[in-house]
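*Asks:* Please work out how this folds:
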Amino acid sequence: MTLSVDALERALHYPLANRLPPAGGAIEIAPGLKWLRMPMPFALDHINLWLLRDRVEGRDGWAVVDCCIDCPEGRAAWEDIFERELEGLPIVRVFVTHMHPDHVGLAHWLCERWSAPGWDCRLWMSAADYQTARYFSQNVSPETGADIARYFASHGMTNPDDLEQLHQRRFYYHSLVPRVPRAYARLLDGLDVTIGGERWRCIVGHGHAPEHIALYGAARGILISGDMVLPRISPNVSVYDPEPEGDPLALFLASLERYRALPADTLVLPAHGKPFTGLHTRLDQLRDHHHERLADVMVAARQKPVSAWDILPLLFHRKLDLHQSTFAVGEAVAHLNNLWHTGQLTRARGADGIWRYAAAG
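*Replies:* Next up, the predicted model:
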């Protein structure tokens, strides 16, 4: 039986209850660690960012983890933070968990804003996500929009108005991430990074992004999880046109197991939602969620061949706008591709150009 989101949430513990950081302000989670929450103009209407007291090459200041999209509201919120929460100290490093716009969008601005003659405020990020962010930020050619539209049409999106809007999406990433710093420091799985005298271990995650990096501070039992482990929603795991035969769901589920070794009472600081404990319970919930969706897809595919568009009502029990539908189709393909790669489904492209998946045998 599928439990409601509220029921799943009640299995977790929220140490701060319903407290949220004020606009332009912060909540201190632990000494030298502050929680910021910035608004975004999407259905997912906020992102959590983190300030950690730091010292780099003799310079005292703050490290930032994640940045928000580049928009006037985000810059204004940061200006308030600069005035109220930095305690007269500069930002000395910018850590980014992965390449999605809400995490990397303002990295260029923060790095430029806090660099000085003889001093670079450096971006720290994984190589795969850094290069991917640079590519998508710079790639705004007309062919990109045509490729996007063709991809979604091949998975059952047929409304001409929707496809025309997708054709214009070559500007989408660039509009939120206009630039990426030209230099960075590379984060790697298993790397220990010292921030403010405390060691934080990098834990890689795949499936949601190419090389997502979460940070675990063993001394205080804190995991800055980015998008890999969220308390209320499942991170989007999608297949898109640059890697149309990919199996990101298998990668994501395998990545979740990397967090099993962390203590059960780890305090999780997610990119969306509230800080929580109950890590192992949440890992179980995320795994079970995807296994249930895979089972639902198999039931549908046994009845008749299905496209990604056909199975959206199975995976998402609400009305979706176009923005949400693009994520939903990507996630639907991820579930179909996973079953295809494991031999449970076959696939064929019809005369209409749409991929449909059927039960094997």
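*Asks:* hey, let's count contacts and neighbours off CA atoms from now on
*Replies:* Noted.
*Asks:* top helix in the protein by residue count?
*Replies:* Scanning the chain for the helix with the most residues, using DSSP state H, yields helix 279-303.
*Asks:* The helix or strand that it is followed by: which residues count as buried?
*Replies:* Using DSSP states H and E, the helix or strand that follows helix 279-303 in sequence is helix 312-315. Residues of helix 312-315 classed as buried by neighbour count (16 or more other C-alpha atoms under 10 Å): 312, 315.
*Asks:* chain center to helix 312-315: distance?
*Replies:* Put simply, helix 312-315 sits 21 Å off its chain's centre (C-alpha atoms, centre = their mean, to the nearest Å).
*Asks:* which residues of the stretch 101-250 of the chain fall in helices?
*Replies:* Taking DSSP state H, counting those that start in this stretch to define them, one finds helices in the stretch 101-250 of the chain at 101-104, 107-114, 127-138, 142-154, 160-167, 172-176, 248-256.
*Asks:* Out of those, the one nearest Y240 is which?
*Replies:* helix 142-154 (7.5 Å; C-alpha to C-alpha).
*Asks:* For L267, which of the helices of the stretch 101-250 of the chain is the nearest?
*Replies:* helix 248-256 (16.1 Å).
*Asks:* List the contacts of the next helix or strand after that closest one.
*Replies:* Where DSSP H and E defines the elements, the next helix or strand beyond helix 248-256 is strand 267-270. With C-alpha atoms under 8 Å, 6 or more residues apart in numbering as the test, strand 267-270 has contacts from 48, 221-227, 229-231, 275-277, 279.
*Asks:* so where is the chain shaky, pLDDT-wise?
*Replies:* Within the chain, the ranges that satisfy pLDDT under 70 run 1-5.
*Asks:* in it, which strand has the most residues?
*Replies:* strand 46-56 (DSSP state E).
*Asks:* Within the sheet, what are the partner strands of it, with directions?
*Replies:* According to DSSP bridges, strand 46-56 forms sheet pairs with strand 33-39 (antiparallel), strand 59-65 (antiparallel).
*Asks:* From the chain's centre, how far out is the first one? Work that out for me.
*Replies:* Computed by C-alpha atoms, centre = their mean, the chain-centroid distance of strand 33-39 equals 16 Å.
*Asks:* how far does stretch 90-106 stretch from start to finish?
*Replies:* In terms of C-alpha to C-alpha, to the nearest Å, the two terminal residues of stretch 90-106 are separated by 16 Å.
*Asks:* Same question for stretch 147-167.
*Replies:* The straight-line separation of the ends of stretch 147-167 (C-alpha to C-alpha) is 8 Å.
*Asks:* so which of the strands paired with strand 46-56 gets nearest W355?
*Replies:* strand 33-39 (37.4 Å).
*Asks:* Need the residues that contact the closest one.
*Replies:* Contact with strand 33-39 is made by 20-29, 45-53, 68, 73-74, 77, as judged by C-alpha under 8 Å, 6+ apart.
*Asks:* Need the CA coordinates for stretch 345-361. PDB is fine.
*Replies:* Output of stretch 345-361 as PDB, limited to C-alpha atoms (Å, rounded to 0.1, in the frame of the first residue of the first chain):
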ATOM      1  CA  LEU A 345      10.200  -4.500 -21.100                       C
ATOM      2  CA  THR A 346      11.000  -4.300 -24.800                       C
ATOM      3  CA  ARG A 347      10.700  -1.100 -26.800                       C
ATOM      4  CA  ALA A 348       9.900  -0.200 -30.400                       C
ATOM      5  CA  ARG A 349       9.400   3.100 -32.300                       C
ATOM      6  CA  GLY A 350       6.100   3.400 -34.100                       C
ATOM      7  CA  ALA A 351       5.400   4.800 -37.500                       C
ATOM      8  CA  ASP A 352       4.400   8.000 -35.700                       C
ATOM      9  CA  GLY A 353       7.900   8.300 -34.300                       C
ATOM     10  CA  ILE A 354       6.900   7.500 -30.700                       C
ATOM     11  CA  TRP A 355       8.700   5.000 -28.500                       C
ATOM     12  CA  ARG A 356       6.500   2.500 -26.800                       C
ATOM     13  CA  TYR A 357       7.400  -0.100 -24.300                       C
ATOM     14  CA  ALA A 358       5.700  -3.500 -23.800                       C
ATOM     15  CA  ALA A 359       6.100  -6.400 -21.400                       C
ATOM     16  CA  ALA A 360       8.900  -8.800 -22.600                       C
ATOM     17  CA  GLY A 361       7.800 -12.300 -23.600                       C
END
